[in-house]
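[1] give the three-dimensional model of this entry:
(chains A and B, ligands or ions: 2)
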Amino acid sequence: MPKSENHLKQGPDETLDIHLGGKWQLGRDNLSIRDVNLFLEQHPGTRRIIFNCKNLDAWDSSILTFLLSLIRIASRKNIQVEKDELPSGIQQLITLATAVPQKEDAKKSVPEPGFFETVGADTIRFVHSIGELMEFIGGAFLAVIKLFVRKPRFRSQDFWQFLMDAGARAVPIVSLISFLVGLILAFVGIMQLKLFGAQIFVADLVGIAMVRQMGAIMTGIIMAGRTGAAFASQLGTMQVNEEIDAFKTLAISPMEFLVLPRMLALTLMMPFLVLYADLMGVLGGALVAVGIFDISLPMYLTRTIEVVGLNDLFIGLFMGVVFGILISLSGCMRGIQCERSASAVGDAATSAVVTGIVAIIIATSVITILCDIIGI
Amino acid sequence: MVDMENKEPIIKIEDLTMAYGDFVVMRDLNLTINRGDIFIIMGGSGCGKSTLLKHMIGLKKPAKGKVMYGEDDFWEMNEVQREILMRNFGILYQSGALWSSMTLAENIALPLEQHSQLSSTKILEQVELKLSLVGLSGFEDFYPSEISGGMRKRAGLARAMALDPELLFFDEPSAGLDPVSAKRLDDLILQLRESLGTTVVVVTHELASIFAIGNNCVFLDPISRTMLAQGDPNILLKENNDPNIQSFLRRGEI
Ligand SMILES: Nc1ncnc2c1ncn2[C@@H]1O[C@H](COP(=O)(O)OP(=O)(O)OP(=O)(O)O)[C@@H](O)[C@H]1O
Ligand SMILES: [Mg+2]
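    Ligands and ions are numbered 1, 2, ... in the order given. Model prediction:
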């Protein structure tokens, strides 16, 4: 049987004679570096490696990776590699590949962290993130104060653009969702109330629930997913492109130029959206009450106006304002904290939505409890 | 004309160590940039030139050491002093870093609107002038995404020059430019120095422009992680016998 074209042979004077032959192609198994390692273990005295390439027909990068790892192993074991027999193309490429020495500490080798390390690191990160949050809120607050002292630094056309985005363009989705929420509330409520023959009280249920809480909460969640995410990805992309650095080094504060107009726009538009959502919710409820359960529209509306107090309306609108601030702050903060890659922008948008929604829920609880204490 | 004899240091870097986390990029940097210098930062790709520039313009805090402007440490200044100092900076980023939601004209007008009291017609004139200086007149209403990479570089240059700053920092201004535009750029830099006395810090690999415009330079060496020499590039070429520097200044042909 003829010997394979590629093989290792022990030569005289503790030499390893490597025969390279045939076609070397990526994906085709020729010699593997493991064979060489095995040979060197069996012949620990080897001092020299020489090559024989008479039968080598064609080659590509696969032979280079093999030779480069061979050279690395050899230099670790103080074995001399004689490259003279290699085809000159291979020799030159090897010279190029080894011209710049490998940067030892440049490669990142991150050991898999253990459980306690992960928990510790997460805790530290969490504490840091609270610090960052406070710093960001402080900065935003200062920017708002400066607004009263000197003329705004942002461009008015940007502001109108954001108003448009956070206002008019959000109307369709807000209408749809709040109409459906009103409808669902009415449907679920009326089923129960019918048991007591008290269908008309569905107007109380839908009216108070929508105006006092659900209108604001639903609008908040929609805007967190829509506008909060948009803010985060806009600012995140600017961070990636060094655009934010360009603002900083021109002594234009990103807080005043980028964050403030977004925050003002959303905070200004939120109460209007909430008001509108309240209205759509009540209409949704009316549709169920009038269309399915034979309550007359005037009766439903009069009942709603009777039971929904001005304080309910104001609590809802107030929540809208608070949510506007929270959503825009979390969106902008995640955007500005964004790292420098495309996936980081995606992460920023995701975490802006999560932060926004969590903040909305916490704020709702706090406001509800406070209202209960004050008694409104 | 700038009096080349009477040198007044404008930026001084003392014992600077630059690091990203634990990864030290460069250490023990000591250099002085004088008013009116065209100061070249050179060194192999990835050795930390852009990082050094970021330290000079206050985007990165030194791991150790100081960046002094005149008598003041950049990081010891208060907010107001720093803002005043930074208004005198004009910076071209390696990536251009144009504001992508604004047209070229708006990009260049913004620094003027923010930091000068000029009327809007005056600002418009400035915008047109600066764009024509970099060969981009007529592109006022284009967005950064609508122009080529080299054009973006030039637009970034125009923005850096918007406020006629005392200090210009250019990160590889001629990368991506054709030889003729690159030559025009060199002329522009020299002209700025002659007429306005601007100090220019340039990161560049272009040997031709290093020798044509630079009167002071620093060579960063990635292997020893520090600077190997500072001085006039023409003199370094003749008198320094460090093999790394010679090989760099002669395109590897020693
Ligand atoms: N954000 C970062 N985080 C971690 N390491 C970084 C970061 N930016 C740069 N580095 C590292 O710092 C070193 C210097 O980078 P820098 O961008 O300053 O190089 P450069 O000299 O400007 O190169 P080039 O001429 O190619 O632009 C590189 O080794 C790089 O890996
Ligand atoms: Mg660079």
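
[2] look up how far A:D347 lies from B:N30.
    40 Å (Cβ to Cβ, to the nearest Å). Any C-beta I mention is one placed from the backbone N, CA and C, and that applies to glycine too.

[3] out of the two, which sits in the busier spot?
    A:D347 (17 against 14; other Cβ atoms under 10 Å in any protein chain shown).

[4] what about the more buried one, which helix or strand?
    helix A:342-374 (DSSP states H and E).

[5] ditto for A:F231
    helix A:229-240.

[6] in chain A, which strand is the longest?
    Secondary structure of chain A per DSSP state E: the longest strand is strand A:48-58.

[7] any idea how far that one is from the chain center?
    52 Å (Cα atoms, centre = their mean, to the nearest Å).

[8] quick one: mean pLDDT for that strand?
    The predicted model gives strand A:48-58 an average pLDDT of 87.

[9] phi and psi next, for the nearest residue to A:I295 once chain neighbours are set aside.
    Spatial nearest neighbour of A:I295, chain neighbours left out: A:A289 (4.3 Å); criterion: Cβ to Cβ, 6 or more residues apart in numbering or on different chains. For A:A289, the backbone dihedrals (degrees, to the nearest 10) come out as phi -60, psi -50.

[10] what's the answer for B:L92, then?
    According to degrees, to the nearest 10, B:L92 has phi -110, psi 120.

[11] how much space between it and B:S100?
    In terms of Cβ to Cβ, B:L92 sits 16 Å off from B:S100.

[12] same thing with B:I123?
    21 Å.

[13] then B:P9?
    37 Å.

[14] same question, A:G324
    A:G324 is 26 Å from B:S100, by Cβ to Cβ.

[15] same deal with A:R34?
    Counting by Cβ to Cβ - A:R34 and B:S100 are separated by 51 Å.

[16] looking at these two, which one has more neighbours?
    B:S100 (15 against 8).

[17] distance of that one from B:G231?
    For B:S100, the distance to B:G231 - Cβ to Cβ - is 40 Å.

[18] over to A:D84. Which of the three states is it?
    With DSSP: H, G, I helix; E, B strand; the rest coil as the basis, A:D84 sits in coil.

[19] OK, contacts around the residue in the stretch 201-350 of chain A that ligand 2 sits nearest to?
    Going by Cβ to the ion, ligand 2 is nearest to A:E242 of the stretch 201-350 of chain A, at 11.5 Å. Counting by Cβ atoms under 8 Å, 6 or more residues apart in numbering or on different chains, A:E242 makes contact with B:93, B:95, B:97.

[20] low-confidence ranges, the stretch 151-254 of chain B, go.
    B:254 (pLDDT under 70).

[21] flag every residue of it that's near ligand 2.
    For the stretch 151-254 of chain B, no residue is in contact with ligand 2 (Cβ under 5 Å from the ion).

[22] all strands for the stretch 51-200 of chain A, in order.
    If you assign secondary structure with DSSP state E, counting those that start in this stretch, the strands in the stretch 51-200 of chain A sit at A:80-81.

[23] apologies, that question was intended for chain B.
    B:9-20, B:23-34, B:38-43, B:64-69, B:72-73, B:89-92, B:167-171, B:199-203, B:216-221, B:226-231.

[24] so which of those is nearest chain A?
    strand B:89-92 (5.1 Å; Cβ to the nearest Cβ).

[25] how about residues contacting that closest one?
    Outside strand B:89-92, the residues that reach it (Cβ under 8 Å, 6+ apart) are A:246, A:249-250, B:57, B:153, B:156-157, B:159-163, B:165, B:167-171, B:173.

[26] which residues of the stretch 1-150 of chain B lie near chain A?
    By Cβ under 8 Å from any Cβ of the partner chain, the residues of the stretch 1-150 of chain B that approach chain A are B:23, B:57-59, B:82-83, B:86-87, B:89, B:91, B:93, B:95, B:97-101, B:110-111, B:113-115.

[27] can we see that at 6 Å?
    B:57, B:59, B:83, B:86-87, B:89, B:91, B:93, B:95, B:97, B:99, B:111, B:114 (Cβ under 6 Å from any Cβ of the partner chain).

[28] report pLDDT for A:G131.
    85.

[29] that one and A:R125, how far apart?
    The value you get for A:G131 to A:R125, if Cβ to Cβ is used, is 11 Å.

[30] residue 211: neighbouring residues, count only.
    No chain specified, so I'll use chain A. 28.

[31] try again with chain B
    There are 15 residues near B:F211, going by other Cβ under 10 Å.

[32] please name the residues that touch it.
    B:233-234 (Cβ atoms under 6 Å, 6 or more residues apart in numbering or on different chains).

[33] tell me how far it lies from A:G284.
    76 Å.

[34] possible to save the strands of chain B as JSON lines with distance to A:Q337?
    Putting the strands of chain B into JSON lines (distance: least, Cβ to Cβ, whole Å) gives the following:
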{"stretch": "strand B:9-20", "distance to A:Q337": "17"}
{"stretch": "strand B:23-34", "distance to A:Q337": "21"}
{"stretch": "strand B:38-43", "distance to A:Q337": "29"}
{"stretch": "strand B:64-69", "distance to A:Q337": "25"}
{"stretch": "strand B:72-73", "distance to A:Q337": "27"}
{"stretch": "strand B:89-92", "distance to A:Q337": "22"}
{"stretch": "strand B:167-171", "distance to A:Q337": "24"}
{"stretch": "strand B:199-203", "distance to A:Q337": "28"}
{"stretch": "strand B:216-221", "distance to A:Q337": "30"}
{"stretch": "strand B:226-231", "distance to A:Q337": "33"}
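
[35] A:R212 against A:D312, yeah?
    Yes - A:R212 lies in contact with A:D312 (Cβ atoms under 6 Å); the separation is 4.3 Å.

[36] coming back round to it: and for the residue of the stretch 201-350 of chain A closest to ligand 2, nearest residue in space, chain neighbours not counted?
    Nearest one to A:E242, counting by Cβ to Cβ, 6+ apart, is B:A97 at 3.9 Å.

[37] quick one, phi psi at the one you found?
    phi 50, psi 40.

[38] so how far is B:E146 from it?
    Applying Cβ to Cβ to B:A97 and B:E146 gives a distance of 17 Å.

[39] neighbour count: the two, which is higher?
    B:A97 (24 against 12).

[40] ok, the residue nearest to A:E242 - contacts?
    So B:A97 contacts A:241-243, A:246 (Cβ under 6 Å, 6+ apart).

[41] most surrounded residue in those residues?
    A:A246 (27 neighbours).

[42] check what pLDDT it gets.
    Confidence score, pLDDT, at A:A246: 93.

[43] residues contacting it?
    Neighbours of A:A246 in contact, by Cβ under 6 Å, 6+ apart: B:A97.

[44] can you list the low-confidence ranges for chain A?
    A:1-4, A:101-110.

[45] what parts of it come near chain B?
    So chain A meets chain B at A:241-243, A:245-246, A:249-252 (Cβ under 6 Å from any Cβ).

[46] just these: which are in strands?
    Those of these lying in strands (DSSP E): none at all.
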